[in-house]
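Peer 1: got a predicted structure here, sequence first:
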Protein chains: 2
Amino acid sequence: MLNDKSLATAPDCADCPIRHRAVCARCETDELERLEEIKYYRKFEAGQTVIWSGDRMDFVGSVVSGIASLTQTMEDGRTQMVGLLLPSDFVGRPGRSTAAYDVVATTDLVMCCFRKTPFEEMMVRTPHIAQRLLEMTLDELDAAREWMLVLGRKTAREKIASLLSIIARRDATLKTGKLEGALVFDLPLTREAMADYLGLTLETVSRQMSALKKDGVIQLEGKRHVTIPDMARLMDEAGDDADGGILA
Amino acid sequence: MLNDKSLATAPDCADCPIRHRAVCARCETDELERLEEIKYYRKFEAGQTVIWSGDRMDFVGSVVSGIASLTQTMEDGRTQMVGLLLPSDFVGRPGRSTAAYDVVATTDLVMCCFRKTPFEEMMVRTPHIAQRLLEMTLDELDAAREWMLVLGRKTAREKIASLLSIIARRDATLKTGKLEGALVFDLPLTREAMADYLGLTLETVSRQMSALKKDGVIQLEGKRHVTIPDMARLMDEAGDDADGGILA
DNA sequence: GCCGGGCCTTGATGCAGATCAACAAAAGGG
DNA sequence: CCCTTTTGTTGATCTGCATCAAGGCCCGGC
């Protein structure tokens, strides 16, 4: 599974984000070593499904590079994305054996996985892991609740602005750690995926993107390359008070 | 703070739900004793605010009786309820000192609280607490994501049916532990609170309640007293595949 | 080169739910 | 008890987004 090329592109971490995020730095070295022994890598191409809702899920893991999405689908086909997993985000649930959502690779994707059972045993022996996971889960819960406001009360234009500002912020933090001047990034989502995240149709997404472009809130080069000349302006369009949104 | 009358009404627990839920049964007795020492009770009347978003929050706790809601508000006044806290649900976040949402008592409310610092120290000493909290937080995350589907993709009628089925299920589980025959309960929410939870206006809520009544999906006696003659029918109206929704 | 299929944009039209408005029914409060 | 306030219902109208439909752009295959 381990693939040198993909690992070479892992962000800000020569090894594996679990070491930085899920397993905290305070853990004893021998525990970290044991974690090394049970970890493995999985690679997916854009569009591939990592796991289907309801399927047996015998691993937990985190995103090394690329983006995965969590989606829920109703019988009649309506779908809602309920989370966007960026590098270092955690997937899976200790203590549950089936997946609650479809997990799909939105871009090419590398994940660092641990078999669930040894990971759980390790959690029992290493309290810091549970505490670190609790912290991460609480962050995700905050992000999910933030998104409930977006879904429930914001207009289509505000929704788009919210999504762009979240991606822009997260992208800038990953790349430079700073949020200054114009922000430039490539949208990792199709219009349809944006629509699924925002509870809109792709036509509405397209129209609002055009409108934000016409109004100078964003610049578009091609369909995906975005420049945000003024982040404060964008956040204003998103209806956020200046501190803005958190990401799933 | 401790109030005999309100404690007498605590559901299924003569003492405090924390003992059952947040602190797991496996914890050593002396740890439980220590937890006893730092706990205290707070009582609120319907409509009172427990804490405002952004305020300093130096406690964590759980609901003993009554219902509290977590709400986010935009500057222009649009509000979205992001969680409904029923008896035994946990509030607060170890490791954060300010509240992220407004917490409001929707009905008369009794909470069992712990000062945050001793609770956090206790968490470090007692690994099972962190693991139990992780489990609870993951449940809440699932519930929040379930709700994202409701907010993003369901029609007004489906939203109402989803809310009713969640309340009915939770209420029945608390009271009898079973989901058989007709379910009867009192709505603990005003039409406005329902609207805030569902991302609708109160007029739409009222209309859809009337429509569901006219169609025989629910029976209404007064404004609050609800009978569900056929739970499967209601869940069908909610657009859920039979297993239905989870609650925040 | 041409063709077919993703992906995206834009236009025309329809409808679910918001908004505005009036009133009914309880629920206090003096 | 009446009066006010809160809460809920129902109607009329408006509007933002969905839906239906047509076509453009780009890329990969033949």
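Peer 2: Noted; the coordinates are in hand.

Peer 1: strands paired with the strand or helix carrying A:Val104, and their directions?
Peer 2: A:Val104 is part of strand A:102-105, with elements assigned from DSSP states H and E. Partners of strand A:102-105 in the sheet, by DSSP bridges, are strand A:49-51 (antiparallel), strand A:68-73 (antiparallel).

Peer 1: check what pLDDT A:Thr49 gets.
Peer 2: We have a pLDDT of 92 for A:Thr49.

Peer 1: burial of it, as a residue count?
Peer 2: A:Thr49 has 14 neighbouring residues, counting by other C-beta atoms under 10 Å in any protein chain shown. Any C-beta I mention is one placed from the backbone N, CA and C, and that applies to glycine too.

Peer 1: chain neighbours aside, what residue packs nearest to it?
Peer 2: A:Val104 (5.2 Å; C-beta to C-beta, 6 or more residues apart in numbering or on different chains).

Peer 1: confidence score at that neighbour?
Peer 2: Here, the pLDDT recorded for A:Val104 equals 94.

Peer 1: just to revisit the earlier point, indicate which one of the strands paired with strand A:102-105 is closest to DNA strand D.
Peer 2: strand A:68-73 (14.8 Å; C-beta to the nearest atom of the strand).

Peer 1: which strands and helices sit next to the following helix or strand past the closest one?
Peer 2: Next along the chain after strand A:68-73, taking DSSP H and E as the criterion, comes strand A:79-85. Where contact means 3 or more C-beta pairs under 8 Å, 6 or more residues apart in numbering or on different chains; DSSP states H and E, strand A:79-85 is packed against strand A:68-73, helix A:127-153, helix A:191-198, helix B:127-153.

Peer 1: can you tell me, leaving aside adjacent residues, what's nearest to A:Glu135?
Peer 2: B:Gly95 (6.1 Å).

Peer 1: please enumerate the helices of chain A.
Peer 2: Secondary structure of chain A (DSSP state H): helices at A:4-8, A:17-20, A:29-38, A:116-125, A:127-153, A:156-175, A:191-198, A:202-214, A:231-237.

Peer 1: so where's chain A shaky on pLDDT?
Peer 2: A:1-35, A:241-248 (pLDDT under 70).

Peer 1: what's the burial count for A:Lys214?
Peer 2: Using other C-beta under 10 Å: A:Lys214 sits among 9 other residues.

Peer 1: gap between it and DNA strand D?
Peer 2: Noted for A:Lys214: a distance of 15 Å to DNA strand D, by C-beta to the nearest atom of the strand, to the nearest Å.

Peer 1: residues in contact with the residue nearest to A:Glu135?
Peer 2: A:135, A:138, B:120 (C-beta atoms under 8 Å, 6 or more residues apart in numbering or on different chains).

Peer 1: repeat that for 10 Å
Peer 2: A:131, A:134-135, A:138, B:116, B:120, B:123 (C-beta atoms under 10 Å, 6 or more residues apart in numbering or on different chains).

Peer 1: can you get me a residue count around A:Thr106?
Peer 2: A:Thr106 has 21 neighbours, counted by other C-beta under 10 Å.

Peer 1: for burial, what's the neighbour tally of the closest residue to it other than its chain neighbours?
Peer 2: Take A:Thr106 and drop its neighbours on the chain: the residue closest to it by C-beta to C-beta, 6+ apart is A:Ile67, 4.5 Å away. Neighbours of A:Ile67 under the rule other C-beta under 10 Å: 21.

Peer 1: correct me, but A:Ile67 touches A:Val91?
Peer 2: No - counting by C-beta atoms under 10 Å, A:Val91 is not a contact partner of A:Ile67; they are 12.0 Å apart.
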